[in-house]
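1. Attaching a predicted model along with its sequence, questions to come.
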There are 2 protein chains.
Amino acid sequence: MTVTSQQIADAAGVSRATVDRALKNRGRVKPEVAERIKQIAKEMGYHPNQAARSLALSKNPIRVGVILSSMQTPFMDVVLKGVRDAQKEVEKRGVSVEIHSIPGKDVDRTIELMDELKEKKVGGIALVPTDDERVREKIDQLAEEDGIPVVTLNADVSKSKRICFVGQNNERAGETAAGLMAECLPSNGRICVIGGRELNPAISSRTDGFINQLEKIRPDIELLKTFYVENENDNEESEKIALQMLAEYLKLDGVYVSSPAILGVCKAFQKKGVEQRIKLISHDLLKENLQYLEDGTLNFLIGQEGYMQGYEPVMVLYKLLVEEIEPENTYEYTSIIIKNKFNI
Amino acid sequence: MTVTSQQIADAAGVSRATVDRALKNRGRVKPEVAERIKQIAKEMGYHPNQAARSLALSKNPIRVGVILSSMQTPFMDVVLKGVRDAQKEVEKRGVSVEIHSIPGKDVDRTIELMDELKEKKVGGIALVPTDDERVREKIDQLAEEDGIPVVTLNADVSKSKRICFVGQNNERAGETAAGLMAECLPSNGRICVIGGRELNPAISSRTDGFINQLEKIRPDIELLKTFYVENENDNEESEKIALQMLAEYLKLDGVYVSSPAILGVCKAFQKKGVEQRIKLISHDLLKENLQYLEDGTLNFLIGQEGYMQGYEPVMVLYKLLVEEIEPENTYEYTSIIIKNKFNI
DNA sequence: CTGAAAGCGCTTACAG
DNA sequence: CTGAAAGCGCTTACAG
């Protein structure tokens, strides 16, 4: 039999209300009594029944706000799916989730939505942020003045007071790609890299992680050129760049694509019939990408668990707000998934 | 606002008790009325509040039994951790979990424990089974006569009426290893395989998957020999075998170890100083194994999510017994995780 | 076949 | 500083 708050109350010779106040440090209990109650609870191994707690809490329902940006990219669809599933999960327990999405990045709109959610008295916010000074300030303001915890997901806001970040360690993901490339290439192999815009922090972390690590573990390999794109999600552009690359460098052994526009590169490889000869490694386990893994054009894909990036932040807030369990780490890195054609 | 059973009752002009009976098909409701109630519930989008349900159910607490065999192997410790965490999770919601462990495989003891749990009126059982006719019969008997659902984990019982299996697709895991080996090896490379006992079904599935797939995708590669061991968990034996192998085959390019005794092989590689030259791929993300991945002796490790194999079955039973949600698939294969030294 | 009522373990105004 | 009591949404004997 698991122990209840009534049992604690009986043992301490007080009422359940007092036990609750003592255990939750809500004040209005004589300090000695509070101490004794805590002691007894500990000894008896008391863990509040979450079902009962949820039910009681549902009188003043807790709400959680989610703000997703860069919508309408295939990757964000996966994140959204994770958010939706978490929403179902917590709504069964009486917590409601309100989802807002912003097409592209938009600092003004982000801040506007954060203010709206604050007015609506949400208990916490999960957010795909832009790494911007004003967003940082707003997060800190919510955290400090309004006591509204913010979880960043997919991208982080450096030095902000967000309670935790859920997403990939991009540099590490690039290093993982380097480790795979290192196993694939013959000695003195030659490679190229196709990156994103030079300024995109997530993608350039991948690129840097890849280049630096490969240099370290396989100094014999020659990096011929790193290409940058204008629009990271434009597969027509990436195809053009890849075709140009293949024309220019005839003796390529491997290509690493850190940009999301991998589909264009795959098409270029197939057009030129080099998919068997040149090792190709990239990111994101999207359906169309997986087809190229299946058919052998891509040798490896690295996944970042987009689903978890949506699911976890909502659950982190649920645990914090309902079960009063703080997240264990301020960084919750999602696993770096390696896929070849057999473990899809 | 989420809709409650009272709202359904009001809309249908009946009491909550009747709504409950109708929705749960418990009978004792006039069929027409039941039909109408279901209709209304659907229209209004009714989803029972799980917190309230759990709380009400806690009057007659649901209990779940877990039977783990092959205990005292490092892998099973990970599984046990998963079970324990799931136990904490569901006990917070009023379901108790009773864990039994069997050292090694022991059909008699397994069946004895299953009977004990049945006497104790558990709501469901999660089980690491031996693939044995008598275990199969007992599972079927529990399922059919006693209405006690059984989830198999880690190993399956072929053709039994277990409600679902949580574990790895071993053949697929072997194929994944083959895919990795294929990327690593030069043309006309030479390899050996170190397997388990010839009769162990899980390990020979891995071995077969590896050998067959490698033959298919890299017919140029020569498989010199497959070694079998007496005791799969004995690292001294595997070290001896590996040393013998290295003495016999001087021009090896790769070794695949499907047996759990990978540590002995790593030691042999280091003794002979071949860890840089010969690609080595094996299974299971145990702490000691990961050290050899870190230091480069192992090129890849393939994980089978032991933690999930413990966690999921308990949750599957919780969902089934409390939330009345059937598992979606009868096979819940855990992900085949590929690790190199950078995504540990 | 149907409903009124008690109870699950917590939280939270409210009264003192 | 403390307690009695209502209420969260469900399930389940029990009475009819």
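-> Right, received. Where do you want to start?

2. Could you pick out the residues of chain A near DNA strand C for me?
-> Listed as neighbours of DNA strand C in chain A under the rule Cβ under 7 Å from any atom of the strand: A:4-6, A:16-17, A:20-21, A:24, A:46, A:48-49, A:52-53, A:55-57, A:59-60. In this view, the C-beta of every residue, glycine as well, is placed from N, C-alpha and C.

3. rerun at 6 Å
-> A:4-6, A:16-17, A:20, A:48-49, A:52-53, A:55-57, A:60 (Cβ under 6 Å from any atom of the strand).

4. how is chain A carved up into domains?
-> Listed domain ranges for chain A are A:5-48, A:63-168+A:307-335, A:170-303 (source: automatic domain parsing).

5. what is the rounded mean pLDDT of the last one?
-> Which is domain A:170-303. Averaged over domain A:170-303, pLDDT sits at 96.

6. picking that back up, now the domains of chain A in JSON lines, please, with extra columns for distance to residue B:208 and mean neighbour count.
-> JSON lines is the format used below for the domains of chain A (distance: least, Cβ to Cβ, whole Å; neighbours: other Cβ atoms under 10 Å in any protein chain shown):
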{"stretch": "domain A:5-48", "distance to residue B:208": "47", "mean neighbour count": "16"}
{"stretch": "domain A:63-168+A:307-335", "distance to residue B:208": "28", "mean neighbour count": "19"}
{"stretch": "domain A:170-303", "distance to residue B:208": "22", "mean neighbour count": "19"}
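
7. Tell me which of those domains lies nearest to residue B:292.
-> domain A:170-303 (14.9 Å; Cβ to Cβ).

8. Okay, now the closest one: how far is its last residue from its first?
-> 11 Å (Cα to Cα, to the nearest Å).

9. is stretch A:210-218 up against chain B anywhere?
-> Yes: interface with chain B: stretch A:210-218 contributes residue A:213 (Cβ under 8 Å from any Cβ of the partner chain).

10. Could you pull up the residues touching residue A:113?
-> Residues counted as contacts of residue A:113 (Cβ atoms under 8 Å, 6 or more residues apart in numbering or on different chains) are A:65, A:67, A:100, A:102.

11. Wait, residue A:136 touches residue A:150, no?
-> No: using Cβ atoms under 8 Å, residue A:136 makes no contact with residue A:150, being 10.5 Å away.

12. Could you pull out the residues contacting both of the two?
-> Joint contacts of residue A:136 and residue A:150 (Cβ under 8 Å, 6+ apart) are residue A:160.

13. thinking again about what came up before, closest to residue B:321 out of the domains of chain A?
-> That would be, of these and by Cβ to Cβ, domain A:63-168+A:307-335, which comes in at 15.2 Å.

14. Quickly check: the host helix or strand of residue A:183 near chain B or not.
-> Secondary structure from DSSP states H and E places residue A:183 in helix A:170-184. Yes: contact of helix A:170-184 with chain B (Cβ under 8 Å from any Cβ) involves A:172-173, A:175-176, A:178-180, A:183-184.

15. cool, and stretch A:306-318?
-> No: Stretch A:306-318 lies apart from chain B when judged by Cβ under 8 Å from any Cβ; the minimum separation is 11.6 Å.

16. Kindly report the same for stretch A:284-295.
-> No: interface with chain B: stretch A:284-295 contributes nothing (Cβ under 8 Å from any Cβ), its closest point being 10.2 Å away.

17. Quick one: distance of that stretch to the chain centre.
-> 21 Å (Cα atoms, centre = their mean, to the nearest Å).

18. How about stretch A:310-323?
-> 13 Å.

19. can I get the CA coordinates of that stretch in CSV?
-> Extracted in CSV, the C-alpha atoms of stretch A:310-323 (Å, rounded to 0.1, in the frame of the first residue of the first chain):
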residue,chain,number,x,y,z
GLY,A,310,8.4,18.7,-30.1
TYR,A,311,7.3,16.1,-27.5
GLU,A,312,9.8,16.6,-24.8
PRO,A,313,9.5,20.4,-24.1
VAL,A,314,5.7,20.0,-23.5
MET,A,315,6.4,17.1,-21.1
VAL,A,316,9.2,19.0,-19.4
LEU,A,317,6.7,21.8,-18.7
TYR,A,318,4.1,19.3,-17.6
LYS,A,319,6.5,17.6,-15.2
LEU,A,320,7.5,21.0,-13.8
LEU,A,321,4.1,22.5,-13.5
VAL,A,322,2.1,19.5,-12.4
GLU,A,323,4.5,17.1,-10.8
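
20. Any chance you could list what contacts it?
-> By Cβ under 8 Å, 6+ apart, stretch A:310-323 touches A:50, A:53-54, A:57, A:62, A:64, A:66, A:78-87, A:89-90, A:93, A:95, A:97, A:123-126, A:149, A:151, A:153, A:163-164, A:166, A:325-327, A:332, A:334, B:92.

21. can you check stretch A:210-230 too?
-> Contacts of stretch A:210-230 (Cβ under 8 Å, 6+ apart): A:174-175, A:177-179, A:181-182, A:185, A:187-198, A:207, A:237-238, A:241, A:245, A:248-249, A:252, A:256, A:258-259, A:261, B:342.

22. how long is it from one end to the other?
-> First-to-last distance for stretch A:210-230 - Cα to Cα - comes to 20 Å.

23. go on, stretch A:57-65?
-> 18 Å.

24. near chain B at all, that stretch?
-> Yes: using Cβ under 8 Å from any Cβ, stretch A:57-65 reaches chain B at residue A:58.

25. And the residue of the stretch 151-300 of chain A closest to DNA strand D?
-> residue A:151 (26.8 Å; Cβ to the nearest atom of the strand).

26. picking that back up, got the angle for the helix holding residue A:183 vs helix B:170-184?
-> Computed by axes from the mean of the first three to the mean of the last three Cα atoms, to 10 degrees, the angle separating helix A:170-184 from helix B:170-184 equals 70 degrees.

27. before we move on, the earlier item: quick one: which of the residues of helix A:170-184 next to chain B is nearest residue B:265?
-> Using Cβ to Cβ, the residues of helix A:170-184 next to chain B come closest to residue B:265 at residue A:183, 18.6 Å.

28. contacting residues for the closest one?
-> B:180, B:183-184, B:279, B:299-300, B:340.

29. distance of it from residue A:282?
-> Per Cβ to Cβ, to the nearest Å, residue A:183 is found 16 Å from residue A:282.

30. For the stretch 151-300 of chain A, just list every one of the strands.
-> All strands of the stretch 151-300 of chain A, identified by DSSP state E, counting those that start in this stretch, fall at A:164-167, A:190-194, A:222-227, A:254-257, A:279-283, A:300-303.

31. And the residue of the stretch 101-250 of chain A that's closest to DNA strand C?
-> Closest point on the stretch 101-250 of chain A to DNA strand C, by Cβ to the nearest atom of the strand, is residue A:123, at 10.9 Å.

32. gap between that residue and residue B:133?
-> 55 Å.

33. Might you report the residue contacts of the nearest residue to residue A:45 once chain neighbours are set aside?
-> Excluding its sequence neighbours, the residue lying closest to residue A:45 (Cβ to Cβ, 6 or more residues apart in numbering or on different chains) is residue A:3, at 6.2 Å. By Cβ under 8 Å, 6+ apart, the contact list for residue A:3 reads A:44-47.

34. ok, so of those, who is nearest DNA strand D?
-> Out of those, the member with the shortest distance to DNA strand D (by Cβ to the nearest atom of the strand) is residue A:46, at 16.4 Å.

35. how about the residue lying closest to the closest one once chain neighbours are set aside, secondary structure?
-> Nearest non-adjacent residue to residue A:46, counting by Cβ to Cβ, 6+ apart: residue A:3, 5.0 Å away. Put simply, residue A:3 is coil when judged by DSSP: H, G, I helix; E, B strand; the rest coil.
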